[in-house]
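1. The following block contains a protein sequence and its predicted model.
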Amino acid sequence: MYNSELIEQLVRPENYFKDPEEVRELRHKAIKMAHKFHYNNNAFYHNYCKMKGIGEEITEKDFPKILIPDDTFKSYDMEYPEKEPLKFRNWVDYVSSVKVDFTLKPAGSLDDLLSQLDKNGLLLGFSSGTTGRLTFLPRDKYTQQMIVKSYIATVDATVELNKGKDKFVLGIPKKTYLQIGWNGRNVAEALSPGNVVYAFKELKSDIVRMRMRGPRGVKEKVLNSLVKIMLPRVEKKAIKTIIDSLIKWKNERVIYLAPPFIIVESAKYVLENGIDVKLREDSILASTGGFKGRKETSREEMNKLIEEAFGIDPQRYLDIYGMTESNSMIMDCLEANKKHVPPWKEIILFDENLEPIEPEGRVTGQYGFLEPSSRSFPGFILTGDKITVNFDGCGECNKITPVVEEIRRMPKVEGRGCAGVLARVVGGS
Amino acid sequence: MNRNLKGYYLPPSLEYLEDKLEFRELSADGFNITVPKISKDIVIEIVSTIRNSRDKYIANISIEEIAEIYDRVSRKWKNNDYEKKKVALDVLPKLTNLSKEIIEYYQFRTIYKINKETILFLSHFVPPKEVFKKFIKIEKSKSMLRAFGSLFSQLKLAKALKSKKEIKLITYITPSNVPGLIECLGMFLSSIVKASSVIKSPSMQPVFAPLFAESILEESKEIGETIAVIPWKGGTIEIEDILFINSEAVSVVSSTETALSVKRRIDDLNKKGCNIKGCYHGGKFGLEIIGREYCNRDVAGLAVIDGFGYEGYMCSSPVFGFFVEKGGKYSPEDFAKFMVKEAELLEKVIPQSEYFKKLREKQVARLIAKEGMDKDVKIYTSPEHDFAVVYEPRPTLNPIGQNRLFRVMPLSSVEDIFPMLKPWKDYLQSIGVALLDSRLLQFAEKAGKIGFTNIRVTGTLTLPRLGESWDGNLPVAEFYIPDIVRWVSINTISIDEEIKYLIDEKNKLINKGVWSLEG
């Protein structure tokens, strides 16, 4: 049985400040419970654990062994899931810990297919990745609720919000199955219903897939050409929507959340056009999602732009580290702008030989995490990121959790000489 | 106390440079490896000295004497008590994560093949003209050779073979996937053409090439004077330009990206008046074809030996998988089960390190997840074993068979593989085959046409033999002749006889382990 009461006790803002030993004990108990649940309810995970010689009862020593490589969730064997709904449903069912036994009709588009799943209570949020092969994570209603709860718990532990009153300006689409967009929308709507503005109306999954992997066939090539022409206009319109909303709400407390490149573009637009959008001093800017292949702007430059354009103390600009596979966000604290790991998330770093590194002091390694708050799939993930974590915490705020100091992608499995090309083909797939 | 090792080799006449060099230390459990920082000025001194040493020493040594010297070096490395071999087997697993049994069985046993007979064959070999029409048996190397090229290419080849240019220096850029093999090939192939060599050692393991060079020095002070092993960061123009401009040939064995980058640089230099022969060996993928007549347990064991080689990271490794023809006494799925049985025996004598095991588990996770779509896929794996066999009833080409992940797929006819290979044309090099002699040549002709250059008997796919073609070029000849002819070799003259011999060898390996096998 999945013990949701245990999870409720764990995913709470106050746990950021509690005795780490006490929280660790609770977290480990929850991880063991979640493992047992997935072991008995998830066919893929069951077979995976069996391959590793792991049964339903585990100890802390087994934690590094139960992590699933993140590309598992893009292992479906077809280019267009919407054309083979039954086969795709079987795959989703196999990697899920909840039963996926409803009928899916052949769909005209990926969005149609995802919408059918959504109507049956299963959100298949996706991330684009870098190869264009979408990663799909199956989230049932409970797991969806836990994302929102976990995000809000992190926000509550970081800033004091006037729930129901604060205004949210989101540089993300209102309608999308892109997980990052779904998270932003649902958290903002939960915090301040009716006070949320979106820069984009909709982001279609089919378009994301086509753009990331390149167009295939005449129809997609034509569509891609049109999208290319339209994109700058869409982005321009989105910036205008953001600025208009910021102007409208400049005397109120605003939470402006967007991918960093949208924040940069909107700040530049304000400065270049001499627009007065100085926000109220207790407003907050937050970014997530990275630069997505665009020219990166350093934190220092971002701070300067934000201060000049929006009159906000750069310390109130909070960056967020999240990922589609995770139910939580790792958010900057206000005091030191350091990214605190939520207390309900167990972090494991691995060295070059894939051995777990002792969680002491400041260490760098491949990032793995265990999150028991995910009921519909095992939230035990080995990511493709290499991060530096200071397990001593930040020392400048009251949170007693480790901080993530640096994030970069793991190099592909290069370095094995003439098999290098292989690394590129395999590592990216 | 840690043992000190040199991550470079300078001939005795250049040892004075050690006072000018800056060093960094690389640590590996029990070893401190000293690696020099190489500057432009140091390279100028090295190049100038070893080019002169070539004229002074090796130019005057007969090929027979050179063959004798390398034969002695090779015999030294065959001896398990040879100190340098002991050091290499101690340090290389720490630097590469390959088990010492892998290094002995696949790498060192290839080095043992550098003997007098082979060197004399390589230095005197002239391909017969008939190779342009069909596969021709080359008795001395126990192989068959075929060449593909236009009439114009044939004329150009004949001209190039007659007017061999003098080669004074060859630069070798070597990879890390086969730790040491290419470095020592670089040294001895350069010596065969009486050239000096500069070997760029891979950053992952800079120690084997210096150890091997010191072995050569022990046997011949003169040849020892014509070799330098140094590390530098690949792509450092100021160093590479000096080396390339002063080399008559540059051989790069690396990723496709590196090989192409070196090619671009050499093409530029040649346009500016240099005359450098580039020999480029980039990334490739291998596969294995099992004919219905050879679909049996013993051949499954030979296939496992191919899959174990360098943990799947050699250019010839069967990473696409094992394609087994239906219609034999046993089914392709039976063959997969035979591989499991044989691998259980072979893993005891050729174990795998934890590192590669973990990498495999990551790959298998994805295949297990895929199982949800295709219930006919069978995965044979267990935590106690150092391999995984996956039977997939629908053949696909995906180069994911590293780390002892063996994908077995059925074919109605062995020739069904060819249409599947077209998208991968640029990445083809080696194909392991277990086919009756009566079927081999027809298959080999098609394999050669589609792009394979090395056709090897199952059980030898990751055990290259000296004298085979390499990426469509002939070793030694590739230093002289332009890349106008594509050479394809079969590493046997009778596959049926060879398979019998290899099965005996496999059984000896299972019974005796890698350390007491004959060379």
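-> Received it, and whenever you're ready, just let me know what you need.
2. give me phi/psi at B:Cys430?
-> For the record, residue B:430 is Ser, not Cys. When read as degrees, to the nearest 10, the backbone of B:Ser430 gives phi -120, psi 140.
3. now it, nearest residue through space, not along the chain?
-> Closest residue to B:Ser430 apart from its sequence neighbours, by C-beta to C-beta, 6 or more residues apart in numbering or on different chains: B:Ser316 at 3.4 Å. For glycine as for every other residue, the C-beta is placed from the backbone atoms N, C-alpha and C.
4. The one you found in helix, strand or coil?
-> The assignment at B:Ser316 comes out as coil when based on DSSP: H, G, I helix; E, B strand; the rest coil.
5. Next up, the contacts around B:Gln363.
-> For B:Gln363, the residues meeting the contact criterion (C-beta atoms under 8 Å, 6 or more residues apart in numbering or on different chains) are B:400, B:402-403, B:405.
6. Just to be sure, which of those residues are found in strands?
-> Using DSSP state E, the subset of these located in strands is B:Leu405.
7. For B:Lys425, see how far away the residue nearest to B:Ser430 is.
-> Applying C-beta to C-beta, to the nearest Å, the value for B:Ser316 to B:Lys425 is 17 Å.
8. now swap in A:Met230 and tell me
-> Applying C-beta to C-beta, one obtains 37 Å for the distance of A:Met230 from B:Lys425.
9. returning to that earlier point: now the contacts of B:Gln363 in JSON lines, with pLDDT and neighbour count?
-> Below are these laid out as JSON lines (pLDDT from 0 to 100; neighbours: other C-beta atoms under 10 Å in any protein chain shown):
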{"residue": "B:Ile400", "pLDDT": "91", "neighbour count": "20"}
{"residue": "B:Gln402", "pLDDT": "95", "neighbour count": "24"}
{"residue": "B:Asn403", "pLDDT": "96", "neighbour count": "24"}
{"residue": "B:Leu405", "pLDDT": "97", "neighbour count": "25"}
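10. tell me which of the contacts of B:Gln363 is nearest to chain A?
-> The shortest gap between chain A and any of these belongs to B:Ile400, at 5.6 Å (C-beta to the nearest C-beta).
11. Show me where chain A has its strands.
-> Along chain A, the segments classed as strands by DSSP E run A:68-69, A:123-127, A:135-139, A:167-176, A:196-203, A:254-258, A:284-288, A:317-321, A:330-332, A:339-340, A:346-350, A:362-370, A:380-390, A:403-409.
12. which one of these lies closest to chain B?
-> strand A:68-69 (4.5 Å).
13. Enumerate the residues of the stretch 351-500 of chain B near chain A.
-> Residues of the stretch 351-500 of chain B lying near chain A by C-beta under 8 Å from any C-beta of the partner chain: B:354-355, B:358-359, B:361-362, B:364-374, B:379, B:381-384, B:388, B:398-400, B:402, B:427.
14. Please list only the buried members of those.
-> Neighbour counting by 16 or more other C-beta atoms under 10 Å in any protein chain shown classes B:355, B:358-359, B:361-362, B:364-373, B:379, B:381, B:388, B:399-400, B:402, B:427 among those as buried.
15. mind listing what's buried in stretch A:150-168?
-> Neighbour-count burial for stretch A:150-168, counted by 16+ other C-beta under 10 Å, picks out A:150-159, A:161, A:166-168.
16. Mind listing what's buried along the lowest-mean-pLDDT helix or strand in chain B?
-> Of all helical and strand segments in chain B, the minimum by mean pLDDT, DSSP states H and E falls on helix B:151-162, at a mean of 85. Across helix B:151-162, burial judged by 16+ other C-beta under 10 Å covers B:153-154, B:156-157, B:160.
17. Could you export that helix as CSV, CA atoms only?
-> Taking C-alpha atoms only, helix B:151-162 is exported to CSV below (Å, rounded to 0.1, in the frame of the first residue of the first chain):
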residue,chain,number,x,y,z
LEU,B,151,40.8,1.0,-63.8
PHE,B,152,42.3,4.5,-63.3
SER,B,153,42.8,3.7,-59.6
GLN,B,154,44.5,0.4,-60.5
LEU,B,155,47.0,2.3,-62.7
LYS,B,156,47.6,4.9,-60.0
LEU,B,157,48.1,2.2,-57.5
ALA,B,158,50.7,0.4,-59.6
LYS,B,159,52.6,3.7,-60.0
ALA,B,160,52.5,4.5,-56.3
LEU,B,161,53.8,1.0,-55.4
LYS,B,162,56.7,1.4,-57.8
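18. So B:Tyr313 is in contact with B:Arg404, correct?
-> No - in this structure B:Tyr313 lies outside contact range of B:Arg404 using C-beta atoms under 8 Å: 11.1 Å.
19. Okay, now the unreliable bits of chain B?
-> Along chain B, segments meeting pLDDT under 70 span B:519.
20. nope, the stretch 201-350 of chain A is what I meant
-> Answering for the stretch 201-350 of chain A: the residues below the bar, that is pLDDT under 70, span A:292-293.
21. hey, where'd the helices end up in it?
-> Secondary structure of the stretch 201-350 of chain A, counting by DSSP state H, counting those that start in this stretch: helices at A:205-213, A:217-248, A:260-272, A:299-310.
22. list the helices and strands the first one packs on?
-> Using 3 or more C-beta pairs under 8 Å, 6 or more residues apart in numbering or on different chains; DSSP states H and E as the contact definition, the elements that helix A:205-213 packs against are helix A:110-119, helix A:217-248.
23. who wins for proximity to chain B among those helices?
-> Closest approach to chain B among the helices and strands packed on helix A:205-213 (C-beta to the nearest C-beta): helix A:110-119, 15.2 Å.
24. tell me the domain boundaries of chain B?
-> By the assignment in automatic domain parsing, chain B contains the domains B:3-128+B:162-281, B:285-511.
25. For residue 139, which non-adjacent residue is closest in space?
-> I went with chain A, as the question did not name one. With sequence-adjacent residues excluded and distances taken as C-beta to C-beta, 6+ apart, A:Arg139 is closest to A:Leu123, at 4.5 Å.
26. not quite, I wanted chain B
-> By the measure of C-beta to C-beta, 6+ apart, the closest residue to B:Glu139 outside its immediate chain neighbours is B:Ile493, 7.2 Å from it.
27. circling back to that earlier point, and B:Ser316 and B:Lys425? which has more neighbours close in?
-> Taking other C-beta atoms under 10 Å in any protein chain shown, B:Ser316 and B:Lys425 do not tie; B:Ser316 has more neighbours (25 against 9).
28. if I pick that one, what's in contact with it?
-> Listed by C-beta under 8 Å, 6+ apart, the contact set of B:Ser316 reads B:284, B:286, B:309, B:429-430, B:432, B:454, B:456, B:461-462, B:464.
29. And for A:Asn90?
-> Here A:Asn90 is in contact with B:372-373 (C-beta under 8 Å, 6+ apart).
30. any idea how far A:Arg139 is from it?
-> With C-beta to C-beta as the criterion, A:Asn90 and A:Arg139 are 18 Å apart.
31. how many other residues sit next to residue 301?
-> As the question left the chain open, I've gone with chain A. Counted with other C-beta under 10 Å, residues neighbouring A:Glu301 total 12.
32. look at chain B instead
-> 24.
33. Check the secondary structure at the closest residue to chain A within the stretch 101-250 of chain B for me.
-> With C-beta to the nearest C-beta as the measure, B:Pro175 is the residue of the stretch 101-250 of chain B nearest to chain A, at 2.3 Å. When the structure is split into helix, strand and coil by three-state DSSP, B:Pro175 lands in coil.
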